[in-house]
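Asker: build me a structure from this.
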Amino acid sequence: MTIIQLRLVFLVLGTAVPSAWSNYYIPYLDSVPMPRPIPFSMASYSKIMPIASGSRSSQQCGQCKLQSYFTENDIQTDAKLNTLELIAKYGFPSENHIIQTADGYKLSLHRMPRPGAKPVLLVHGLMSSSACWVQLGPSLGLAYLLYLKGFDVWMLNTRGNIYSRDHVRGRIPDSEYWDFSYHEIGTHDLPAAVDAIIQKTNQQQIQYIGHSQGSTAFFVMSSEKPQYANKISLMQSLSPTVYLEHNRSPVLKFLSVFNGGFALLIELLGGHQISLTTSLIKKFSKHICSLSVVTSRICAIFDFILCGFNWQGFNQTLSPIIEGHSSQGASAKQILHYAQQQGQQTFQRYDYGKVLNLLRYKAAYPPQYNLSQVNSKVQLYSGSGDWIGSFADATRLQNLLPNCIGNTQVASEGFSHYDFTISNDIRSLVYDQVMGQCQNN
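Answerer: Just a heads-up that it's a prediction; the model follows:
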């Protein structure tokens, strides 16, 4: 291990760095500008989420509750409810389907059923779950909005999150259970979900919307199993984290330095499953939290420390809901796979190092994913404040896809990675276009 790598270890673990190394400077640790937060106001409880007037499809919802605001009790309650309980609270129908992958993981596939309607599959991002599509209620939750537009809505929970922890072999060692990255999600989880939906609905094709890792895994699936790209009539990618050449995440930059140091990286992340109290939280929280908000629990959530947070687009009165549905589970290997790609012009399988690569891949370097196989229509969306899903990297992806129909940069300064699911203005900024594309394809 080099001196600079050891210095980074001392830095993260909070121990003193030998004075002889004091001339080594890690420039990116202080390179991310600090956003200015929106002031917190208790008065804003009364008018948080205005509801659009009901359409014919919303009138068909029966018991749906399209309330025009969140009360304080709503916020505290919704923070504790699971996905199906949230859907039930607001009067929408729901189902839970358990599907099994080819390698033995049992996944929970949530549905807001509308039999006979066009099915659309929503796949959450890194460290998230199906709750991200419903947590902000019928006014802003994409699952509700699509259902009210007449779609049959399905929400996958990928392996390792709180809804998809079971395995056909029962409890297996952590080192074995958590030995996956977005590659296995793309090659096993997504095909199982697509097949289950097509079988249940008797439809030949479905639509797909992925956020963050939900996008990454789609492009893995379509590259590795191109027959599944033919089953997707339209894919919409919210923050297409495929190329990370222009990554701005300090955490990913830090982890990328430890190429090959897997054991040390596992320790830094708190184990094979990412720890909720990893030491990286304390060391990197300053990049999203100024002194004025440092006491917010948002500052202690690894999801946002890894990918960034936009206080300008977020109403802090909703913090308990966001906190309650964050950090839903992920493997350290998922993070490390992304870290391997930061600053690179590659989209490839997990890099085990030259020796193990030769054993696994019969080559010193991991195989590249073949994006020319992605025959589905693809619409891309990115934000100017997204640390790991830049417009420049989305444009590179656009140029390599055979059927990309659009590449939209969200018209909001500082729009960040998780704004795609928690922004106050997400409907007008993104979801209206997303729903329009769904209806037109």
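Asker: residue 434 - that's part of a helix, no?
Answerer: Yes. Counting by DSSP: H, G, I helix; E, B strand; the rest coil, residue 434 is part of a helix.
Asker: touching, it and residue 149? I think so.
Answerer: No. Residue 434 lies out of contact with residue 149 (C-beta atoms under 8 Å); the separation is 10.2 Å. C-beta here means a position set from N, CA and C on the backbone, and glycine is covered the same way.
Asker: with neighbour numbers in mind, choose between those two.
Answerer: For residue 434 versus residue 149, neighbours defined as other C-beta atoms under 10 Å are more numerous around residue 434 (22 against 19).
Asker: which residues touch that one?
Answerer: 142, 209, 236, 238, 379, 381 (C-beta atoms under 8 Å, 6 or more residues apart in numbering).
Asker: so the third one, which of the three states?
Answerer: If I follow you right, that is residue 236. Criterion first, three-state DSSP; result for residue 236: strand.
Asker: contacting residues around it?
Answerer: Here residue 236 is in contact with 207, 208, 209, 210, 378, 379, 381, 434, 437, 438 (C-beta under 8 Å, 6+ apart).
Asker: the second one: what's it in contact with?
Answerer: Contact analysis of residue 208 by C-beta under 8 Å, 6+ apart lists 120, 121, 123, 218, 232, 234, 235, 236, 376.
Asker: the nearest residue to the fifth one once chain neighbours are set aside: how many residues sit nearby?
Answerer: Spelled out, it's residue 232. In space, and not counting its chain neighbours, residue 232 is closest to residue 376: 4.2 Å by C-beta to C-beta, 6 or more residues apart in numbering. Each residue near residue 376 was counted by other C-beta under 10 Å, and the total is 24.
Asker: residue 376 and residue 226: what is the separation?
Answerer: Per C-beta to C-beta, to the nearest Å, residue 376 is found 10 Å from residue 226.
Asker: where does pLDDT dip in the stretch 201-350 of the chain?
Answerer: 259-261, 292, 294 (pLDDT under 70).
Asker: quick one, helices of it?
Answerer: Under the criterion DSSP state H, counting those that start in this stretch, the stretch 201-350 of the chain contains helices at 213-224, 250-256, 262-269, 279-284, 302-307, 319-324, 332-341.
Asker: the first one vs helix 332-341, what angle?
Answerer: Going back to what we said before, that points to helix 213-224. 80 degrees (axes from the mean of the first three to the mean of the last three C-alpha atoms, to 10 degrees).
Asker: export helix 213-224 as PDB, just CAs?
Answerer: What follows is helix 213-224, C-alpha atoms only, in PDB (Å, rounded to 0.1, in the frame of the first residue of the first chain):
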ATOM      1  CA  GLN A 213     -28.700   1.900  -9.600                       C
ATOM      2  CA  GLY A 214     -32.000   1.000 -11.000                       C
ATOM      3  CA  SER A 215     -30.700   2.500 -14.200                       C
ATOM      4  CA  THR A 216     -27.300   1.000 -14.000                       C
ATOM      5  CA  ALA A 217     -28.700  -2.500 -13.500                       C
ATOM      6  CA  PHE A 218     -31.000  -2.100 -16.500                       C
ATOM      7  CA  PHE A 219     -28.100  -1.400 -18.800                       C
ATOM      8  CA  VAL A 220     -26.300  -4.400 -17.400                       C
ATOM      9  CA  MET A 221     -29.300  -6.600 -18.000                       C
ATOM     10  CA  SER A 222     -29.700  -5.400 -21.600                       C
ATOM     11  CA  SER A 223     -26.000  -5.800 -22.300                       C
ATOM     12  CA  GLU A 224     -25.700  -9.300 -20.800                       C
END
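Asker: for it, packing partners?
Answerer: strand 119-123, helix 182-184, helix 190-201, strand 206-211, strand 232-238 (3 or more C-beta pairs under 8 Å, 6 or more residues apart in numbering; DSSP states H and E).
Asker: between strand 119-123 and it, find me the angle.
Answerer: Using the same axes, to 10 degrees, helix 213-224 lies at 110 degrees relative to strand 119-123.
Asker: got the contact list for helix 213-224?
Answerer: 122-126, 158, 182-183, 185-187, 189-191, 208, 210, 228-229, 232, 235, 237-242, 334, 347, 369-371, 373-376, 397.
Asker: quick one: distance of it to the chain centre.
Answerer: Helix 213-224 has its C-alpha centroid displaced from the chain centroid by 13 Å (C-alpha atoms, centre = their mean, to the nearest Å).
Asker: quick one: residue 364 from residue 89, how far?
Answerer: For residue 364, the distance to residue 89 - C-beta to C-beta - is 54 Å.
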